[in-house]
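Peer 1: Just to be clear, the model below is a prediction. Sequence and coordinates:
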Amino acid sequence: MGKGKTLLTYYKKLYKRFGPRHWWPGETPFEVMVGAILTQNTNWVNVEKAIANLKAYNVLSPKRLYEIDISILASLIRPAGYFNIKAKRLKAFIKWFMESYDGKIEKLKTVDTATLREQLLSIKGVGNETADSILLYALDKPTFVVDAYTYRVFSRHRLIPEETTYEEIKDFFESNLKRDLRMFNEYHAQIVEVGKTFCRTKPLCDKCPLKQFLPK
DNA sequence: GACCAGGCACATC
DNA sequence: GATGTGCATGGT
């Protein structure tokens, strides 16, 4: 079976098992971008608490976050963990967003994906996964998001080598699948779901929907 | 109490 | 280039 067909088979299997995941869980594109930074190496439940604080203090907007004192910001996002470093990262992101794009999503969307990705990566605190999450889930750019689960699931299935890089995994998906926004969005969410449920550090493969594809 | 979570930057060799 | 480390809360 070709790799493209294999990846599509996996996708269909996951979708059938888990159904649509409705990602990203954010009310607005801006909230999605903020969430992408807050969720770095952090459970989403904790991120929700931090976002709730930002809403409660009415500061979840580009302008308010641009103006807010960084120590106050840190205290509001405390539940998300790493709150000092994340406050700094959020500030760096917001500074770029405000000073280059007036804090306007529409302006961001007019820029081509590759250029935008480079700009995002140049911000201290925005790495590969955060950049791609923002591109895909906030800006509707068809780019494949790779994360720890993607690596864990697909290396366990021997579809990617154990020694690999973010870019190589991303390219594996993008060059073997049709560049489809809706599917890229859903596929990553499905991978997270199967990873969380069946492919943690201790593999729980016996009930995994992808069990039949596991190499012997 | 240990372990983990939808990373990232930076120090050191 | 590769390996190690700090960052931190809250759920299981």
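Peer 2: Here it is on my side, so go on.
Peer 1: Which residues of chain A lie near DNA strand C?
Peer 2: A:41-43, A:45-46, A:49, A:78-79, A:81-86 (CB under 7 Å from any atom of the strand). C-beta: built from backbone N, CA, C; applies to glycine.
Peer 1: Apply the buried test to those residues and list what passes.
Peer 2: Listed as buried from the residues of chain A next to DNA strand C are A:46, A:78-79, A:81-83, A:86; burial here means 16 or more other CB atoms under 10 Å.
Peer 1: Now, the residues of chain A next to DNA strand C that are in helices?
Peer 2: Among the residues of chain A next to DNA strand C, the ones falling in helices (DSSP state H) are A:45-46, A:49, A:83-86.
Peer 1: Now the helix or strand hosting residue A:52: buried residues?
Peer 2: According to DSSP states H and E, residue A:52 maps onto helix A:44-56. Neighbour-count burial for helix A:44-56 flags A:46-48, A:50-51, A:53-54 (criterion: 16+ other CB under 10 Å).
Peer 1: got CSV for those, with distance to residue A:133 and pLDDT too?
Peer 2: Formatted as CSV, the buried residues of helix A:44-56 follow (distance: CB to CB, whole Å; pLDDT from 0 to 100):
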residue, distance to residue A:133, pLDDT
A:46, 17, 98
A:47, 12, 98
A:48, 16, 98
A:50, 16, 98
A:51, 15, 98
A:53, 21, 98
A:54, 18, 98
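Peer 1: May I ask which two of those residues are separated the most?
Peer 2: For the buried residues of helix A:44-56, the farthest-apart pair by CB to CB is A:46 and A:54; their separation is 13.3 Å.
Peer 1: Now do the same contact list for the residue most central in space within chain A.
Peer 2: In chain A, the C-alpha nearest the mean C-alpha coordinate belongs to residue A:133, at 3.5 Å (CA atoms, centre = their mean). The contact partners of residue A:133, by CB atoms under 8 Å, 6 or more residues apart in numbering, come to A:24, A:32, A:36, A:145.
Peer 1: tell me the domain ranges of chain A?
Peer 2: Following automatic domain parsing, chain A resolves into domains at A:3-22+A:144-213, A:29-138.
Peer 1: can you give me the offset of the last one from its chain's centre?
Peer 2: Domain A:29-138 has its average C-alpha position 12 Å from the chain's average C-alpha position, going by CA atoms, centre = their mean, to the nearest Å.
Peer 1: Then the first one?
Peer 2: Domain A:3-22+A:144-213 has its average C-alpha position 14 Å from the chain's average C-alpha position, going by CA atoms, centre = their mean.
Peer 1: Say whether DNA strand B is contacted by that domain.
Peer 2: Yes: using CB under 7 Å from any atom of the strand, a contact is recorded between domain A:3-22+A:144-213 and DNA strand B, made by A:147-149, A:192, A:196, A:200-201.
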